[in-house]
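Chemist: predicted model follows, preceded by the sequence.
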Protein chains: 2
Amino acid sequence: MKKEFRSLCPIASTLDILGDKWSLVLIRDMLVREKKTFKAFSASEEGIATGILASRLKLLESFGLITKRKLPDNKKENIYLLTEKGIDLAPVIIEVTLWGDKYMRKYNPELKAYEKLKTDKASIISTLQENYRQMVAKIIV
Amino acid sequence: MKKEFRSLCPIASTLDILGDKWSLVLIRDMLVREKKTFKAFSASEEGIATGILASRLKLLESFGLITKRKLPDNKKENIYLLTEKGIDLAPVIIEVTLWGDKYMRKYNPELKAYEKLKTDKASIISTLQENYRQMVAKIIV
DNA sequence: ATTTTTTACTTCTATTTTGAAAGTAATCCA
DNA sequence: TGGATTACTTTCAAAATAGAAGTAAAAAAT
């Protein structure tokens, strides 16, 4: 769990913690697909190794992007939820999605389309965030 | 130079090429700081190793985010410039900057401030892109 | 004209990170 | 009570990264 930063630049500092192949994929799983458990993350199509998944969840938790809790009626499952800090990555997720949708199809022709995003970026972002907050509210009562 | 993708998701596919600690820092150097040469990238405060720099430039070029050329009057220096595809990462850069500015200061207290960004996101993005395009236009005549 | 410096790398080796598989402990379910 | 499920940890090989040093071509200095 490294906590040192390369520079005083907010981009570089953000990449010091999120700059890898998995962190934003996990944020996507949570925010867009509303995944909440280790098993659900583990099952996503990208096939993250369990060791890396465990270490990333720990890192994200240590930086306050997610919380880990158990629900009263289930002592086995851990529920991972985005904090506001994590939810606030929605604009980054959306911009990366738009860029990938526009430019990566050339290399990965079967990419799923995201037409709606082009229509109204700002409202898609707030809807995504609001939906997530409501889901969290239902879970933690 | 891996060119395989983990999934059909545009986010994951984008991270397959840009998901590391250095690629977006290089894009920042080009777009925001208008750096153009190997030496200039090498000199930035984050201290990228030359071997990694060379491999990243090669990767970015292979995916069409940057071009590499020599100017008529200088056979030694290589000039690296963002393509439109690379310039189109401006919204991602800006969103990452905003997020980092808001949330990373807690861990990296001396982070430089980016107040203007909060004022008018869209116009900052287009100004950044326009400035870059004009710089390129001057260089390549 | 020749030496020195600069630029853009490549190469080397050590360390760190990742990936794949297997193992473990606690809880849940039949 | 016994098997399945969940959430990990551990192990080990492979890949990526970091830091240092070396090289070749071009430019600048002498």
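Modeler: The structure has been received and is ready for your questions.

Chemist: most distant residue from the middle of chain A?
Modeler: Distance to the chain centre peaks in chain A at A:D73, reaching 25.8 Å (criterion: Cα atoms, centre = their mean).

Chemist: least trustworthy helix or strand in chain A by mean pLDDT?
Modeler: Using mean pLDDT, DSSP states H and E, the weakest-scoring helix or strand in chain A turns out to be helix A:115-119, at a mean of 68.

Chemist: what is the lengthiest helix in chain A packed up against?
Modeler: Looking across chain A with DSSP state H, the single longest helix is helix A:121-140. Packing contacts for helix A:121-140, counted by 3 or more Cβ pairs under 8 Å, 6 or more residues apart in numbering or on different chains; DSSP states H and E, involve helix A:23-31, strand A:74-82, helix A:84-87, helix A:90-103. Where C-beta positions appear, they are placed from N, C-alpha and C, glycine not excepted.

Chemist: what sits against the residue farthest from the centre of chain A?
Modeler: When the contact criterion is Cβ atoms under 8 Å, 6 or more residues apart in numbering or on different chains, A:D73 has no partners at all.

Chemist: re earlier: adding mean pLDDT and distance to DNA strand D, write the helices and strands packed on helix A:121-140 out as JSON lines.
Modeler: Converted to JSON lines, these look like this (pLDDT from 0 to 100; distance: least, Cβ to the nearest atom of the strand, whole Å):
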{"stretch": "helix A:23-31", "mean pLDDT": "98", "distance to DNA strand D": "13"}
{"stretch": "strand A:74-82", "mean pLDDT": "97", "distance to DNA strand D": "4"}
{"stretch": "helix A:84-87", "mean pLDDT": "98", "distance to DNA strand D": "16"}
{"stretch": "helix A:90-103", "mean pLDDT": "96", "distance to DNA strand D": "18"}
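
Chemist: so what's A:I140 scoring on pLDDT?
Modeler: Confidence at A:I140, expressed as pLDDT, is 89.

Chemist: A:K121 now?
Modeler: A:K121 is assigned 89 on the pLDDT scale.

Chemist: can you check A:E4 too?
Modeler: Value for A:E4, per-residue pLDDT: 82.

Chemist: so what's it up against?
Modeler: A:D16 are the contacts of A:E4 under Cβ under 8 Å, 6+ apart.

Chemist: and it, what helix or strand is that in?
Modeler: Assigning secondary structure by DSSP states H and E places A:E4 outside every helix and strand.

Chemist: my guess is A:V92 meets A:L24, correct?
Modeler: Yes - the pair A:V92 / A:L24 is scored as a contact, 7.4 Å apart, by Cβ atoms under 8 Å.

Chemist: thinking again about what came up before, in the longest helix of chain A, what counts as buried?
Modeler: Going by neighbour count (16 or more other Cβ atoms under 10 Å in any protein chain shown), the buried part of helix A:121-140 is A:I124, A:I125, A:L128, A:Q129, A:Y132, A:V136.

Chemist: out of those residues, who's nearest DNA strand C?
Modeler: The closest of the buried residues of helix A:121-140 to DNA strand C turns out to be A:V136 (Cβ to the nearest atom of the strand; 20.7 Å).

Chemist: and the closest one, how far is that from A:Y80?
Modeler: According to Cβ to Cβ, to the nearest Å, A:V136 stands 11 Å off from A:Y80.

Chemist: and A:I66, by the same measure?
Modeler: 5 Å.

Chemist: quick one, what contacts A:E46?
Modeler: Residues in contact with A:E46 (Cβ under 8 Å, 6+ apart) are A:V25, B:R6, B:S7, B:C9, B:A12.

Chemist: what about the residue most central in space within chain A, distance to A:K39?
Modeler: Nearest to the mean C-alpha position of chain A, by Cα atoms, centre = their mean, lies A:I27 at 0.4 Å. Counting by Cβ to Cβ, the gap from A:I27 to A:K39 is 18 Å.

Chemist: and the residue of chain A closest to DNA strand C?
Modeler: Going by Cβ to the nearest atom of the strand, DNA strand C is nearest to A:K75 of chain A, at 3.2 Å.

Chemist: residues in contact with that residue?
Modeler: A:K75 touches nothing, counting by Cβ under 8 Å, 6+ apart.

Chemist: ok, now A:L53?
Modeler: A:W22, A:L26, A:F38, A:F41, A:S42.

Chemist: scan these and report the most crowded one.
Modeler: Neighbour counts for the contacts of A:L53 (other Cβ atoms under 10 Å in any protein chain shown) peak at A:L26, which has 25 neighbours.
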